[in-house]
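> 3D model of this:
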Amino acid sequence: MNPPRWIAHRRMAALTKAVYDSAVSDDDNPPEPTSARLLPGGTTVAALLIVLVALAGIGVWRNARAADEAHASEQAAEQSAERQAEEAARQDPETAPEGNAPSRPASHASPSPPGPAGHVIVYVSGAVATPGVLTLPASSRVTDAITAAGGALEDADLDTINLARPLTDGEHIRISRIGETPPAPTANGDATHPACVRLDTATATDLQTLPGIGPALAERIINYRATHPHIATVDALDDVPGIGPSLIEKIRPGVCP
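Numbers count the residues shown, from 1 in each chain. As a prediction, the model looks like this:
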C-alpha cells in the first residue's frame, strides 16, 4: 500500500471517530431547557420574600396606627363631652323663669367700695330689673342697691325714695312705678314696705313686692288662700299653679316665718 494513502486513510478514520464520539456525547447530555434558565435563583427568591414580608409589616403597622388614632379621637370626644356636662352642672339649674319670675336673681355686687363695718343684706323689689336679696358693703347707699339689682326700669318713680340714704341691714327697699300709689314713708323719708310679707294677710299689692310675683300670681295666691286660710310656710305655695321650687326659694327671704 502506498504510505501517503495509508496515512490519509488513518487520519480520515480518526477524524470520523472523533466526530462520531462528539455526536454521541451531545445526545447523552442534552442542553438545559430554555425555561429552566429563566427560573429565578435562590438569592432572587429570598430577596422577593424579604420584600413581601416588609410590605406586610408596613400594612399591619399602618392599620394599627389608624386604630390608635381612632381610639384617641373617641377618648378626646368623650372627655370633651364630660367637661361640657361638668360645666353645665356647675351653672345655676334655675335658668328658666316660672310664672312672672325673673330668670335669675340679682348679683351680689356693688359699685361702692367695701366699708369698714362689713356688709349689709337688703331686699330690693318693685321697678328694678332683677329684684332680690342683695349683700352689699355697709357703706352702700340706696342708689347702690338699685344698681346692684340691675338698675331701675323706665317707669320707676325714683322721686319717692331717697337715693342718697345709707342702707340698713335687713331693710326692704321697694321702687314704685310712675302712677302707682307709693307706700307710706318711714322715719327715713323712704317709701318702703315691712321687712317681710305675711302670706295669711298680705294684699295683692304686698304680694307683688316679692321677687317674681306679678298681678296674676298674686291673684292665684289669694284664691288659694280662700281654701287654705292658714299658710304655715312658704313651701305651701308649691300647690299654687305657676309657682315652683325655684320661685319659692327666691321669695323665701321676703316672707315672714
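
> Could you list the low-pLDDT ranges of this structure?
1-6, 8-9, 18-42, 88-117, 181-195, 257 (pLDDT under 70).

> those helices in it, which residues are they?
3-28, 34-38, 42-90, 142-148, 204-207, 215-227, 245-251 (DSSP state H).

> longest strand of this protein?
Longest strand in the chain by number of residues (criterion: DSSP state E): strand 119-126.

> which strands and helices sit next to that one?
strand 132-137, helix 142-148, strand 172-175 (3 or more C-beta pairs under 8 Å, 6 or more residues apart in numbering; DSSP states H and E). Bear in mind the C-beta positions are built from the backbone N, C-alpha and C, glycine included.

> Now do the buried residues in it.
119-120, 122-126 (16 or more other C-beta atoms under 10 Å).

> then that strand to PDB, C-alphas only?
Extracted C-alpha coordinates of strand 119-126, given in PDB (Å, rounded to 0.1, in the frame of the first residue of the first chain):
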ATOM      1  CA  HIS A 119     -71.700  94.100 104.800                       C
ATOM      2  CA  VAL A 120     -75.500  94.600 104.900                       C
ATOM      3  CA  ILE A 121     -78.200  92.400 103.500                       C
ATOM      4  CA  VAL A 122     -81.200  94.300 101.900                       C
ATOM      5  CA  TYR A 123     -84.200  93.300  99.800                       C
ATOM      6  CA  VAL A 124     -84.900  95.300  96.700                       C
ATOM      7  CA  SER A 125     -88.200  94.900  94.800                       C
ATOM      8  CA  GLY A 126     -90.500  96.800  92.500                       C
END
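
> In the sheet, which strands lie alongside it, parallel or antiparallel?
strand 132-137 (antiparallel), strand 172-175 (parallel) (DSSP bridges).

> ok so, going back, which of the helices of the chain sits most buried?
Greatest average neighbour count among the helices of the chain goes to helix 142-148 (a mean of 22), per mean count of other C-beta atoms under 10 Å.

> before we move on, the earlier item: could you dump the helices and strands packed on strand 119-126 to CSV with distance to residue 240?
As requested, these are exported to CSV (distance: least, C-beta to C-beta, whole Å):
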stretch, distance to residue 240
strand 132-137, 20
helix 142-148, 29
strand 172-175, 22
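
> Relative to residue 246, which of these is closest?
Judged by C-beta to C-beta, the one of the helices and strands packed on strand 119-126 that comes nearest to residue 246 is strand 132-137, at 12.3 Å.

> Nearest to residue 234, out of the helices of the chain?
Using C-beta to C-beta, the nearest of those to residue 234 is helix 245-251, at 5.8 Å.

> Can I get that closest one as CSV, trimmed to CA atoms?
Taking C-alpha atoms only, helix 245-251 is exported to CSV below (Å, rounded to 0.1, in the frame of the first residue of the first chain):
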residue,chain,number,x,y,z
PRO,A,245,-89.3,75.3,93.9
SER,A,246,-87.0,77.9,92.2
LEU,A,247,-89.5,80.7,92.7
ILE,A,248,-90.2,79.7,96.2
GLU,A,249,-86.5,80.0,97.1
LYS,A,250,-86.5,83.5,95.6
ILE,A,251,-89.4,84.8,97.6
